[in-house]
Every structure is written in C-alpha cells, then in structure tokens.
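[1] Got a sequence here, can you build the structure:
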Amino acid sequence: VSGTQLVEARQACEQAATAGREVLARGGSALDAVEAAVIILEDCPVLDAGRGSYPNSEGFVEMDALIMDGRTLEMGAIAAIQRVRHPVTLARRVMDKSGHHFLVGPGADAFADSIDFPRCDISELLVDNDQEPAELAVASVPGLSDTVGAVALDSHGNVAAATSTGGTPNKRPGRVGDSPLVGCGAYADNWTAAVSATGYGEALMRVVISKRVCDLVGTGLSAAAACNAAIRLLEERTGGDGGLIAVDARGQVGWAYNTTAMPYAYATGDSPVVVGH
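    Sure thing, here's the model as predicted:
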C-alpha cells in the first residue's frame, strides 16, 4: 500500500472522528455518532467499504455492514448488498424499520427498495485498484484494505459500534466475512464496551473477537488491555491478522492490531483528535 493511500486513510479517520464528536457535542446519541463516522469512511476511496469496495470474482460489489446499540443490544445488519453507497445507514434502517436484525442478498435489496433507500450505480463504488495487486494490499495492510468501523460513548453513558466492508478481493459471490456478524465484526454493550474489528474475517469470526473484547472488559480489563489480549488470542488460535478499536463504559479508548498498519483516530472531550496507524 502506498504512502499516499496511508495518508488518505489517516485523513479519512481524522474526519470521521471529528464528525462523530460533532454529533456527540450536540447531544446526539452514540448510535448517531458511529453512523456519521462510518459514512465518511465509506466515502473514502482507499478504504474497502462503500466507495472503494473490492469486486467479487464475477465483478460485482457485495457489501456487508453492522450497527449495534449498547443500551438495548438492538442491532441491524446487512450482507451481500449491492448498489448502496452507505451500507451502514441501510443497516441502521434494518434495525429501526424492518422488524428483523439481519437481512441478506436479494432480501436486503428488496428491503432497501421497499423503503425507497437510495441506490447507486456500481461505477460509483468501484475505484481504480490497478496501482498494485490487491493481494499485496490485503497481505501487507489488512487494516487499510479491509473493513472500516467506529465506536462511541455518549453523554448519557450509552455506547454503540458500527462496521462496514466491501469484503475481500475476488471473493466468491455470497461470501460473508466477520463484519456483519454480531460479536465478530462489532459488539456494543453498555455494561462493558463497544468494539469494532477489521482484518481477515475468516479468522476473526472463529474467535467471536468483538464480543470477546467486551467479555474481557467485563472481567476488569481496560479497553486497551482487552484489545491486546484478544489480538494475542487471534494469533495463537487462528494465526490470523486483525485489528480492533474499542471504548469501554468508563470512556477509556483502546486499540490493537498485528498488521503492518491500521489507520485510526479518536476524539475525547475537547482534546485534539489523535491520529495514528
């Protein structure tokens, strides 16, 4: 992955953190904040979610997303959705309007159309990935070429998490990774923490990594210690690559990854946004 792409990814993370904080500063909910942040990340062409998603082996773009409310444990998820610019917002609509928690493929498409959700052309989602082999991007920086996510704690003490992805390059049609799976791609519980995961989905789902971070926080670990412990477990049990971001119920922020880089940003109170990778 080029230095330019890394810079662009960091900038998108900073913009997303700023947008999320603005929502919270207005008294908005953690749920609104993570949706606002992920929308910005879905618009960033160097990240694999929304615009910039990888095509599957047949040239189509199938995207997955999950959003979860830590106050009620309500969630909304979609998988293998096509021609949607902001999958995270459609996942939110699934939670609020469908009477269900998870819709996939043609059913997710039909639901989107039933609520007049905006559809886009596939050309809006595909960007030129010819600069370097997609396999290299995935191998070297899964955090950059994979999933995006956000977590938040609001002034009412509620947490929320959201995750969105275009999946792996050249995947089989119908392949679903960890991102929309509750407890894997994300989990949020006011009693413990909100977590979002990125990386090699086939490994992350095997250890239900986001729920595991919440459970570790429940035993008394900080968000940071819980993320580090979960990434160690991922390595030991699956040999997989991944990254995590989390905020616990006390407002402590944590992240961990075993990849070359994982662009991230966070905002606490009135302090400047912290950006890293």
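
[2] where does the stretch 1-150 of the chain have low pLDDT?
    Within the stretch 1-150 of the chain, the stretches with pLDDT under 70 are 1-2, 128-146.

[3] Tell me where the stretch 151-277 of the chain has strands.
    159-165, 186-188, 193-199, 242-248, 253-257, 264-266, 274-276 (DSSP state E, counting those that start in this stretch).

[4] of all those strands, which lies closest to Ala225?
    strand 253-257 (7.2 Å; CB to CB). Every C-beta, even on glycine, is put in place using the N, C-alpha and C of the backbone.

[5] How far off centre is the closest one?
    14 Å (CA atoms, centre = their mean, to the nearest Å).

[6] Same question for stretch 209-219.
    17 Å.

[7] CA atoms of it as PDB?
    Extracted C-alpha coordinates of stretch 209-219, given in PDB (Å, rounded to 0.1, in the frame of the first residue of the first chain):
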ATOM      1  CA  ILE A 209     -13.400 -11.300  18.600                       C
ATOM      2  CA  SER A 210     -15.500  -8.200  19.300                       C
ATOM      3  CA  LYS A 211     -17.700 -10.000  21.900                       C
ATOM      4  CA  ARG A 212     -14.600 -11.400  23.400                       C
ATOM      5  CA  VAL A 213     -13.200  -7.900  24.000                       C
ATOM      6  CA  CYS A 214     -16.400  -7.000  25.800                       C
ATOM      7  CA  ASP A 215     -16.200 -10.100  27.900                       C
ATOM      8  CA  LEU A 216     -12.600  -9.300  28.800                       C
ATOM      9  CA  VAL A 217     -13.600  -5.700  29.800                       C
ATOM     10  CA  GLY A 218     -16.300  -7.300  32.000                       C
ATOM     11  CA  THR A 219     -13.600  -9.200  33.900                       C
END
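
[8] neighbouring contacts of it?
    With contact meaning CB atoms under 8 Å, 6 or more residues apart in numbering, stretch 209-219 is reached by 161, 178, 182-189, 191-193, 195-197, 223, 225-227, 229-230, 233-234, 242, 244, 246, 248-249.

[9] what does stretch 97-112 give?
    74-84, 90, 93-95, 115, 117, 119, 174, 176, 180, 182.

[10] gap between the two ends of that stretch?
    11 Å (CA to CA, to the nearest Å).

[11] Between the strands of the stretch 151-277 of the chain, which one is closest to Thr4.
    Using CB to CB, the nearest of the strands of the stretch 151-277 of the chain to Thr4 is strand 274-276, at 16.0 Å.

[12] Run through who's touching that closest one.
    Under CB under 8 Å, 6+ apart, the answer for strand 274-276 is Arg10, Cys13, Glu14, Ala17, Pro263, Tyr264, Ala265, Tyr266, Ala267.

[13] Can you give me the buried ones in it?
    Under the neighbour-count criterion of 16 or more other CB atoms under 10 Å, strand 274-276 has nothing buried.

[14] Given that strand, what are its sheet partners and their directions?
    strand 264-266 (antiparallel) (DSSP bridges).
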